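[1] Show me how the following folds:
(2 chains)
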Amino acid sequence: MEIHVGLAASYVALALGGLYFLYALKYYASTLIALSLLNTEGQLEGMGIQPGDPGLGYKDQPLVSIHLPFYNEANVARRIIDACVDLDYGNYEVLVADDSSDQTLDVLRDPEYRMSRPAVKFVHRRDRGGFKGGALQQALRHMHPDAEYVAVFDADFIPPPDIIKKFLSVFKRAGSAGKPVAAVQGYQLHYLNKNENWLTKGVRAEYSGSYMVERVAEEALGALKMVSGSVFMVRADALSSLGWTTSITEDWELTLRLYLEGYRVVYTPLIQAPAEIPSTVSRLIRQRMRWAEGHTHAVRRYFWRVLLSDRMTAAEKLEFIYFAPYYLQSLLFLVGTVCWVVSEVYRRRPPFWTPALGWGLVVSNLLAIPMMGLAGMFLEGDLRDDYPGILGFMAVSLLLTPYQAYAALKGLLEAREGAWVRTLKTGFITDSLIGVKFRSLVNWLEGLGVKVGSRPPGVDAPLPRGPVRRLLMGACVLLMALPFLDWAASLVVALSHLILSDPQAAVTWRTMFG
Amino acid sequence: MGKHFAVEQGNLYIFTTGPDVMLSLGSFPEEIGLFGADTAWRVSPKVAVVEDVLQRQLERAQIVLRLHGYEEVSFPREALEAYFVDGLEHRVVEKALGWQTPRTPITVDGGEED
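    Numbers count the residues shown, from 1 in each chain, chains lettered A, B, ... in the order given. Next up, the predicted model:
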């Protein structure tokens, strides 16, 4: 009995390790793509990430409606509204969709905002029906009828003055070829309090990998890209016709519905809005559990519709298949680990299994996402300052695993989603010199021969990054190949032992190799 | 041009036209509960809307509004909603106000003015 249990556990562990390795391969490939793609000017333009002034005259400026969903945002409400009324654009409105019951209401009642230009409209609901999606639907209902685009920012973000022009620029450049572009997603630069503690440093590294590497690769491959809840602009007609849903991951559901309607989403890392990072473990856990549950629940509801859709490309469907069990990975990780331990206890392994293969898989799988984070920070020019965050990131990933696993399972099995648990924003800032980091991006692009318009005064020459880039790419290739190399090495060793233990084979061996 | 309010289908609409500036929402005592957490309300530079306003709230709000020179008018709800949404008073409000007659003003103590 023990033999069977041990052997079965070993097969399950190997299968799940292999499945996890497929994800790791994708992460390594994304890292390689991002690091290499960004050398190619044509690819950058093709991705619609060339920044600069789109040169829109006032008459060419379409009306943009900025929607800000609030729920008890007293610490940050004034900051985001003030940032939004100060944008460098001539034709827009700001619409706050508020569900608050705290001092945020004092901000909304402030007579100063009755005088502001552009106009600021506040819509307060007495309840949170439909959560963020419900609030945004209210905003949609009350936006200016002539609005052509809707931009959404969460309350803890600080959009820079040129952000509307940049969004419109990408729409303009990306809209001419292929499927119609419904939305442009920018980089949620979780940065403002990155040095608050080990957790914020870790999450900063995580976002860097996701937004500078993974999504860049998805954009390059024409894969499905997600509208991520904040820092995005969407065509008002597309959004109005679909409307917001009341999912606890309303952004993911909107993404799927846009693709099912035949639209696509464009991602660019060069539209950035700095934001706050959840600074306590409990807040981060609650946020990620919501994501895991809502994401998996939506996958369950849309799975076959997406796969059978005739409006989605193969690349988009493939990305969906990859992304669908994203949070269920946590569950698989836990099951795989338990099975691994069981098989070790009973000392049972598949016949082709070697310890080197096992450890090769473990190391390769473990380092895949941290490598993306490292590459992301490297591409942003922050590697020197922020690399310790990688350790925090690895710790965070392990810490979140059981919670995400539970929430993903809940989303998969339960008929209805749970309630939206908000992530408290504190307004705490540790790193306000965000402009310096933007400059490093300008450096980076200019170093690649991309014209980015007039260069800001005081910008230094591009840093020499060739050796680091090559080092990171080499590490990726090595880690991708590690399990195979380990396995091959084990086989050679085993073969050697076999040959050397056979007298006749040993003679042959010595003859051949001296 | 002016400062007006209207009660249409249970909603209280407070709106201004021309150079008149919307009164501060802080002018309404908290006890009325017009612009608090438990009420659905909206405000733009020119229009404030309280949805499903209670009679008790309305009576007190009218006192505050009249104290600040607001006149009650009868006005199509659709026009008021459009005014909130696009803020275009020339297209919506003034045109409509041309055929509206303000209702008889009521003094704070409830008696009619001269």
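
[2] Tell me which residues of the longest helix along chain B come out buried.
    In chain B, assigned by DSSP state H, the helix with the most residues is helix B:55-67. By neighbour count on 16 or more other Cβ atoms under 10 Å in any protein chain shown, the buried set for helix B:55-67 is B:57-58, B:60-66. Every C-beta, even on glycine, is put in place using the N, C-alpha and C of the backbone.

[3] Make CSV out of these and add distance to A:Tyr259.
    CSV is the format used below for the buried residues of helix B:55-67 (distance: Cβ to Cβ, whole Å):
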residue, distance to A:Tyr259
B:Gln57, 46
B:Leu58, 48
B:Arg60, 51
B:Ala61, 47
B:Gln62, 51
B:Ile63, 55
B:Val64, 51
B:Leu65, 49
B:Arg66, 55
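
[4] of all those residues, which comes closest to chain A?
    Closest to chain A out of those is B:Gln57 (13.1 Å), distances taken as Cβ to the nearest Cβ.

[5] you'd agree that closest one is up against B:Gly33?
    Yes: B:Gln57 lies in contact with B:Gly33 (Cβ atoms under 8 Å); the separation is 6.3 Å.

[6] For chain B, which element, helix or strand, carries the lowest mean pLDDT?
    helix B:93-97 (a mean of 61; mean pLDDT, DSSP states H and E).

[7] now chain A
    helix A:41-46 (a mean of 39).

[8] in the chain, which ranges drop under the pLDDT threshold?
    Answering for chain A, as no chain was given. Within chain A, the stretches with pLDDT under 70 are A:1-2, A:38-59, A:175-176, A:382-383, A:432-465, A:500, A:505-506, A:508-514.

[9] Chain B, not that one
    Using pLDDT under 70, chain B drops low at B:1, B:91-114.

[10] What parts of it come near chain A?
    Contacts of chain B with chain A, taken as Cβ under 8 Å from any Cβ of the partner chain, map to B:21-22, B:24-26, B:35-45, B:84-87.

[11] switch the cut-off to 10 Å
    Contact residues (Cβ under 10 Å from any Cβ of the partner chain) of chain B with chain A: B:16, B:21-28, B:35-52, B:81-82, B:84-88.

[12] In contact with A:Ala8: list those residues for me.
    A:339, A:342-343, A:346, A:348 (Cβ atoms under 10 Å, 6 or more residues apart in numbering or on different chains).

[13] Likewise for A:Ala273?
    Neighbours of A:Ala273 in contact, by Cβ under 10 Å, 6+ apart: A:80, A:83, A:151, A:153-154, A:156-160, A:163, A:186-189, A:191, A:230-232, A:434.

[14] same deal with A:Gly336?
    A:Gly336 touches A:9, A:12-20, A:329, A:361, A:365, counting by Cβ under 10 Å, 6+ apart.

[15] Same check on A:Arg290?
    Per Cβ under 10 Å, 6+ apart, neighbours of A:Arg290: A:131, A:248-249, A:407, A:411, A:417-423.

[16] Just give me the residue closest to the centre of chain A.
    The residue lying closest to the centre of chain A (Cα atoms, centre = their mean) is A:Ser210, at 3.9 Å.

[17] That residue and chain B: what is the separation?
    To chain B, A:Ser210 is 36 Å away according to Cβ to the nearest Cβ, to the nearest Å.

[18] For B:Glu51, see how far away that residue is.
    A:Ser210 sits at a distance of 40 Å from B:Glu51 (criterion: Cβ to Cβ, to the nearest Å).

[19] ok so, going back, surely the residue nearest to the centre of chain A and A:Tyr326 touch.
    No: using Cβ atoms under 10 Å, A:Ser210 is not in contact with A:Tyr326; the gap is 11.2 Å.

[20] In chain B, what residue spans correspond to strands?
    Ranges of strands within chain B are B:2-8, B:11-17, B:41-43, B:47-50, B:71-72, based on DSSP state E.

[21] between the ones you listed, which gets nearest to A:Leu334?
    strand B:41-43 (47.3 Å; Cβ to Cβ).

[22] For chain B, what's its nearest residue on the stretch 401-514 of chain A.
    Closest point on the stretch 401-514 of chain A to chain B, by Cβ to the nearest Cβ, is A:Arg422, at 15.3 Å.

[23] Which phi and psi values does B:Ser44 adopt?
    The phi/psi pair for B:Ser44 (degrees, to the nearest 10) reads phi -130, psi 180.

[24] sorry, back to before: how about JSON lines for the strands of chain B, with mean neighbour count added?
    Output for the strands of chain B, formatted as JSON lines (neighbours: other Cβ atoms under 10 Å in any protein chain shown):
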{"stretch": "strand B:2-8", "mean neighbour count": "19"}
{"stretch": "strand B:11-17", "mean neighbour count": "22"}
{"stretch": "strand B:41-43", "mean neighbour count": "25"}
{"stretch": "strand B:47-50", "mean neighbour count": "24"}
{"stretch": "strand B:71-72", "mean neighbour count": "16"}
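
[25] Could you dump those into JSON lines and include distance to A:His142?
    JSON lines is the format used below for the strands of chain B (distance: least, Cβ to Cβ, whole Å):
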{"stretch": "strand B:2-8", "distance to A:His142": "16"}
{"stretch": "strand B:11-17", "distance to A:His142": "13"}
{"stretch": "strand B:41-43", "distance to A:His142": "7"}
{"stretch": "strand B:47-50", "distance to A:His142": "9"}
{"stretch": "strand B:71-72", "distance to A:His142": "24"}
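
[26] nearest to A:Ile285, of those?
    strand B:41-43 (34.6 Å).

[27] rewinding a little: out of the contacts of A:Gly336, which is nearest to B:Tyr70?
    A:Gln329 (59.9 Å).

[28] Quick one: residues contacting the closest one.
    A:16, A:19-20, A:23, A:292, A:336, A:401, A:404-405, A:408.

[29] Quick one: the residues you listed as a markdown table, columns for secondary structure too.
    Output for the contacts of A:Gln329, formatted as a markdown table (DSSP: H, G, I helix; E, B strand; the rest coil):
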| residue | secondary structure |
| --- | --- |
| A:Leu16 | helix |
| A:Leu19 | helix |
| A:Tyr20 | helix |
| A:Tyr23 | helix |
| A:Ala292 | helix |
| A:Gly336 | helix |
| A:Thr401 | helix |
| A:Gln404 | helix |
| A:Ala405 | helix |
| A:Ala408 | helix |
